[in-house]
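Participant: Mind looking at a prediction? Sequence and model below.
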Amino acid sequence: KDKDIRNIRHNDIVEFYKWVPRCEKGKYNVVSCLRTMLRWAWRNEDIPKVPPFPKLSQGEPPEIEYLTIEQQGLVLSHIPERHRPIFMIGMEYGVRVGELRAIQWDCITDDELIIKRAFAENELMESTKTGRSRVFGMTPYVKQIIKALPVTSSTFVFVREDSKPYTNKNLNTLWTEACKNAGIKKIKLYNAIRHSLGCQLLDQGFEFDKVQTVLGHT
């Protein structure tokens, strides 16, 4: 709130850590940001030193939820045909949802799909989460999807009926309804697209470094 950062002490940080209304990993993320902020303040000589922080833990890693290729296909069959392409491309390449929404026609060539932008909430960013562009080969499957797309926007590849790009809310609503109709336990769209491709590849015997390359992990 209005506490002067020059007066923040160890006990203040401990109380703040207890207060943060998130799970253990969420608490870790928030308090790590606070530590980074105070380190910058120290470098800028706004504070004489960084107060000691409590030992932070991210807790036990959550169980990874993912879908098999067959389960993905079942859910896709319950998504209205007009809206399927963005989900299909996402599952093919394991692209982040914000990156999928941001694909523009200048990212499409005869042979490649280039991921170089992302939406952060509803703000278009001219870079990806990692700051790196990724290039995927255009498979026959993807070429067929792209070729069949109705072009109603001169900018964005995947758009709603009003020719505006999808929002997270739009896609999550479509996905949740399709899971329900398909009789599939609700799973986050991120897991259903990105985690699922990674886990499918691991199940097929791919090495971790190969999966890392496909998903663009740094």
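Facilitator: Now that the structure is in, tell me what you want to look at. Numbering: from 1, shown residues only.
Participant: where along this structure do the helices fall?
Facilitator: Chain-ordered helices for the chain, with DSSP state H as the definition, fall at 10-19, 24-43, 69-76, 84-93, 97-101, 140-148, 168-182, 189-190, 196-203, 208-215.
Participant: Would you agree Tyr141 is in contact with Met91?
Facilitator: No: in this structure, Tyr141 is not within contact of Met91 by CB atoms under 8 Å, at 10.3 Å. C-beta: built from backbone N, CA, C; applies to glycine.
Participant: Compare neighbour counts for those two and give me the winner.
Facilitator: For Tyr141 versus Met91, the count of surrounding residues by other CB atoms under 10 Å is larger for Met91: 21 against 11.
Participant: show me what contacts that one?
Facilitator: Neighbouring residues of Met91 by CB atoms under 8 Å, 6 or more residues apart in numbering: Gln72, Leu76, Ala192, Ile193, Ser196, Leu197.
Participant: at 6 Å instead, please
Facilitator: Met91 makes contact with Gln72, Ile193 under the criterion CB atoms under 6 Å, 6 or more residues apart in numbering.
Participant: Look up how far Leu174 lies from it.
Facilitator: Using CB to CB, to the nearest Å, we find Met91 at a distance of 14 Å from Leu174.
Participant: same deal with Glu63?
Facilitator: Spatial separation of Glu63 from Leu174 under the definition CB to CB is 25 Å.
Participant: Compare these two (neighbour count), which wins?
Facilitator: Neighbour comparison, Glu63 and Leu174: the larger count goes to Leu174, with 20 against 5 (by other CB under 10 Å).
Participant: isn't the more buried one right up against His83?
Facilitator: Yes: distance between Leu174 and His83: 5.5 Å, which falls inside the contact criterion (CB atoms under 6 Å).
Participant: ok, back up a step: dump the helices of the chain into a markdown table; add distance to Thr155 as well.
Facilitator: As requested, the helices of the chain are arranged in a markdown table below (distance: least, CB to CB, whole Å):
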| stretch | distance to Thr155 |
| --- | --- |
| helix 10-19 | 43 |
| helix 24-43 | 33 |
| helix 69-76 | 26 |
| helix 84-93 | 15 |
| helix 97-101 | 12 |
| helix 140-148 | 15 |
| helix 168-182 | 17 |
| helix 189-190 | 23 |
| helix 196-203 | 27 |
| helix 208-215 | 26 |
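Participant: Tell me which of those lies nearest to Lys129.
Facilitator: For Lys129, the closest of these is helix 97-101, at 7.5 Å, according to CB to CB.
Participant: who does the closest one touch, helix- and strand-wise?
Facilitator: For helix 97-101, the helices and strands in contact under the criterion 3 or more CB pairs under 6 Å, 6 or more residues apart in numbering; DSSP states H and E are strand 118-120.
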